[in-house]
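Chemist: this one's sequence-less:
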């Protein structure tokens, strides 16, 4: 059965009054394994936003500022629990192995170009968002890097975020640094640093290898200790250094 998060609804149409009381998580906050892996019910805020209170408030402030510059920050994806991430992973694993006849390890390598292994997604934390400019009408998949570059429909969005996102403590996670490994460049994925940094620190202190070896979702039987160690180093930790 899919877990359901308790979500307090706030109005998107009244951004100026949509702020909810802050829930402050200090660096000393003890995050449980279930919480970090998307297996715990956490309190989320905002219809169509679904972030922890502090991240929700910061997003609304950023959204209001973007409005004044002619950009509508639209969330494509935010919080995802373990079950949702597992469904994404399994669907891709089935497609690559059955329809494309890829070997399991090759399929997993293909999956982790953009999608995380269930239990390791930053979207489990209620701090991360995939966003675009809602004013732009774009056909097909909106989360394509070329659409954020010069001449693309999200060129102005990217420029605005490059200049303003850090003012509201949102940082790009997977940058276009050619030396960076792991997940490919995602100009749409931003993280609320004041919360996600201590959460990543807490996650690093858990025995991720042991936790993943316990999982039984489709494809997980092909994980080896060497693969998981490489995944942790390249995909979980080789990110924007401002988020470490």
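Modeler: Structure's in. What do you need? Source: prediction; values computed, not measured. Residues are numbered from 1 along each chain as shown.

Chemist: residue 42 falls within a helix, correct?
Modeler: No - read with DSSP: H, G, I helix; E, B strand; the rest coil, residue 42 is coil and lies in no helix.

Chemist: leaving out sequence neighbours, find the closest residue to residue 217.
Modeler: For residue 217, ignoring the flanking residues on the chain, the nearest one in space by Cβ to Cβ, 6 or more residues apart in numbering is residue 86 at 4.5 Å. For every residue, glycine as well, the C-beta is placed using N, CA and C.

Chemist: quick check: mean pLDDT of the host helix or strand of the one you found?
Modeler: Secondary structure assignment for residue 86, by DSSP states H and E: helix 82-94. Mean per-residue pLDDT for helix 82-94: 98.

Chemist: buried ones in that helix?
Modeler: Neighbour counts over helix 82-94 (16 or more other Cβ atoms under 10 Å) mark 82, 84, 85, 86, 88, 89, 90, 92, 93 as buried.

Chemist: so who does the residue lying closest to residue 219 once chain neighbours are set aside touch?
Modeler: Nearest non-adjacent residue to residue 219, counting by Cβ to Cβ, 6+ apart: residue 93, 4.1 Å away. Counting by Cβ atoms under 8 Å, 6 or more residues apart in numbering, residue 93 makes contact with 104, 107, 108, 111, 218, 219.

Chemist: cool, and residue 146?
Modeler: residue 152.

Chemist: how near is it to residue 97?
Modeler: 28 Å (Cβ to Cβ, to the nearest Å).

Chemist: swap in residue 74?
Modeler: Relative to residue 97, and taking Cβ to Cβ, residue 74 is found at 34 Å.

Chemist: do residue 171 as well
Modeler: Residue 171 is 35 Å from residue 97, by Cβ to Cβ.

Chemist: what's the pLDDT at residue 30?
Modeler: Value listed for residue 30 in the pLDDT field: 86.

Chemist: that older thread, would you write a PyMOL line that selects the buried entries of the contacts of residue 93?
Modeler: Burial among the contacts of residue 93 is assessed by 16+ other Cβ under 10 Å; the matching PyMOL selection reads:
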select buried, resi 107+108+111+218+219
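
Chemist: got the contacts of residue 93 as CSV, with secondary structure, pLDDT and distance to residue 240 columns?
Modeler: Formatted as CSV, the contacts of residue 93 follow (DSSP: H, G, I helix; E, B strand; the rest coil; pLDDT from 0 to 100; distance: Cβ to Cβ, whole Å):
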residue, secondary structure, pLDDT, distance to residue 240
104, helix, 97, 31
107, helix, 98, 27
108, helix, 98, 24
111, helix, 98, 22
218, coil, 97, 31
219, coil, 97, 28
